[in-house]
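[1] Generate a structure from the sequence data that follows.
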Amino acid sequence: MSEDVRDEIEALNSIYGDGTLGPAMGEAPCANIWILQLPRGGEDGRDEDASSLRIRFPPNYPEASAPEVLGTEHASGGRRGAGERDLRLFREAVAETWQAGAVCLFDAVEDFNRRLAEEIQREEAEAEAADEEGVSVEKPERQQDHLEELLAKMDTPPWTLSEVVTDMKSTFVAHVAPVSSPDQASLYIAHLLASDKRIRTATHNITAWRIRDDSTGTTYQDSDDDGETAAGARVLHLMQLMGLWNAVVVVTRWYGGVKLGPRRFAVINAVARDGFVRAGMVVEKPEGGKKKGK
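    Take a look at the predicted model:
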């Protein structure tokens with residue numbers, strides 16, 4: 001990595017806050033993959049719902065090529081389509097701002113914020129104009145009704161269940177399914193919660209998913225702790241280590257009244273791993289070999 005790139009990373013973290021740009025967890029250092037937390041919104045310039053993106057610095061950046069924007073690490077607040085929108089706008093910003101021989105990420109972030117503001121303003125203007133013309137604009141309540149109608153018509157997702165594990169009165173189980181898009185992953189999770197009251201009312205439903213479009217090289221991944229701090233990120237990290245793509249997992253925990261401490265993370269990962277194996281997403285190697293995701 002060149003001195004210019006090191007200075008760029010330091011500058012971004014100084015301007016927008018520590019952790020704005022940092023190495024990706026679970027990736028070999030030689031992969032040179034970084035996570036960019038898009039710094040927008042809020043008094044401190046950081047919106048907790050902002051997307052984060054996976055960035056790779058080619059060996060010849062900035063002299064002869066631009067940073068590669070690989071995909072989303074975390075979608076913007078879980079809002080449908082926001083992660084794809086942010087990914088598209090940032091790729092456009094990089095293409096616009098990169099010039100051979102000069103680092104461009106700071107300029108790309110600023111250009112992204114401009115593009116995002118313009119797109120949001122345009123969407124709001126279109127919605128306002130449609131409302132004035134008497135065109136029906138879908139409200140949040142209507143969106144929820146539409147989701148419920150969609151879930152009611154859906155076939156049951158092809159879940160594979162892990163072994164049910166009970167430890168110190170807490171019970172854990174994982175649901176695993178193949179998925180091909182972020183929207184499908186979100187719908188599968190919503191269907192599971194809507195159709196099973198026992199799961200819906202559990203103490204925690206920790207989720208993680210990873211999607212890769214082989215035709216474009218675009219990747220999406222996200223996780224949700226559901227109150228079990230850092231658990232979602234740990235399950236996502238497990239998926240990264242296992243090399244799993246196009247999969248979603250929901251790890252459910254019913255708290256039994258006895259605190260497990262850090263051991264709970266090992267149990268959560270264990271049932272998730274068991275679910276992946278039972279779903280056939282992990283190719284079993286001969287004894288002494290390693291397992292590898294499909």
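
[2] Find the helix or strand that the residue nearest the centre of the chain is a member of.
    Central residue of the chain (C-alpha atoms, centre = their mean): residue 222, 1.8 Å from the mean position. In this assignment (DSSP states H and E), residue 222 forms part of strand 218-224.

[3] which residue ranges form the strands in the chain?
    Assigned by DSSP state E, the chain shows strands spanning 21-23, 33-37, 52-56, 68-74, 160-161, 165-167, 170-178, 204-213, 218-224, 247-254, 282-283, 292-293.

[4] The longest one packs against which elements?
    Spelled out, that is strand 204-213. Secondary-structure packing of strand 204-213 (3 or more C-beta pairs under 8 Å, 6 or more residues apart in numbering; DSSP states H and E): helix 182-195, strand 218-224, helix 231-242, strand 247-254. C-beta coordinates here come from the backbone N, C-alpha and C atoms, glycine included.

[5] which of those sits most buried?
    strand 247-254 (a mean of 25; mean count of other C-beta atoms under 10 Å).

[6] residues in contact with that one?
    With contact meaning C-beta atoms under 8 Å, 6 or more residues apart in numbering, strand 247-254 is reached by 170-179, 185, 188-189, 192, 199, 202-210, 228, 231, 235, 239, 264, 268, 271-272, 275-276, 279, 281.

[7] Give me the buried subset of those residues.
    Taking 16 or more other C-beta atoms under 10 Å as the criterion, what is buried in the contacts of strand 247-254 is 170-179, 185, 188-189, 192, 199, 202, 204-210, 228, 231, 235, 239, 264, 268, 271-272, 275-276, 279, 281.

[8] can you tell me the distance between the two ends of stretch 252-265?
    The first residue of stretch 252-265 is 12 Å away from its last residue (C-alpha to C-alpha, to the nearest Å).

[9] Buried residues of that stretch, list them for me.
    Using 16+ other C-beta under 10 Å as the test for burial, stretch 252-265 gives 252-255, 260, 264-265.

[10] Would you format these as CSV with pLDDT and distance to residue 166 included?
    Conversion of those to CSV gives the following (pLDDT from 0 to 100; distance: C-beta to C-beta, whole Å):
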residue, pLDDT, distance to residue 166
252, 97, 13
253, 96, 11
254, 95, 9
255, 93, 12
260, 89, 11
264, 93, 12
265, 94, 16
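
[11] Check what pLDDT residue 14 gets.
    Per-residue confidence (pLDDT) for residue 14: 88.

[12] how many other residues sit next to it?
    Residues lying near residue 14 (other C-beta atoms under 10 Å) number 10.

[13] Could you do residue 113 as well?
    Residue 113: 18 surrounding residues under other C-beta under 10 Å.

[14] got it, and the one 5 residues further on?
    Applying other C-beta under 10 Å, we find 11 other residues in the vicinity of residue 118.

[15] Look up how far residue 106 lies from it.
    Distance of residue 118 to residue 106, computed by C-beta to C-beta, to the nearest Å: 19 Å.

[16] With residue 69 instead?
    For residue 69, the distance to residue 106 - C-beta to C-beta - is 15 Å.

[17] who has more neighbours, those two?
    More crowded of residue 69 and residue 106, by other C-beta under 10 Å: residue 69, with 21 against 14.

[18] Output the below-cut-off pLDDT ranges for the stretch 101-250 of the chain.
    130-151 (pLDDT under 70).

[19] Please convert the helices and strands packed on strand 204-213 to CSV, extending it with distance to residue 6.
    As requested, the helices and strands packed on strand 204-213 are exported to CSV (distance: least, C-beta to C-beta, whole Å):
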stretch, distance to residue 6
helix 182-195, 33
strand 218-224, 25
helix 231-242, 25
strand 247-254, 35
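
[20] To residue 38, which of these lies closest?
    Residue 38 sits nearest to strand 218-224 of all the helices and strands packed on strand 204-213, at 14.2 Å, using C-beta to C-beta.
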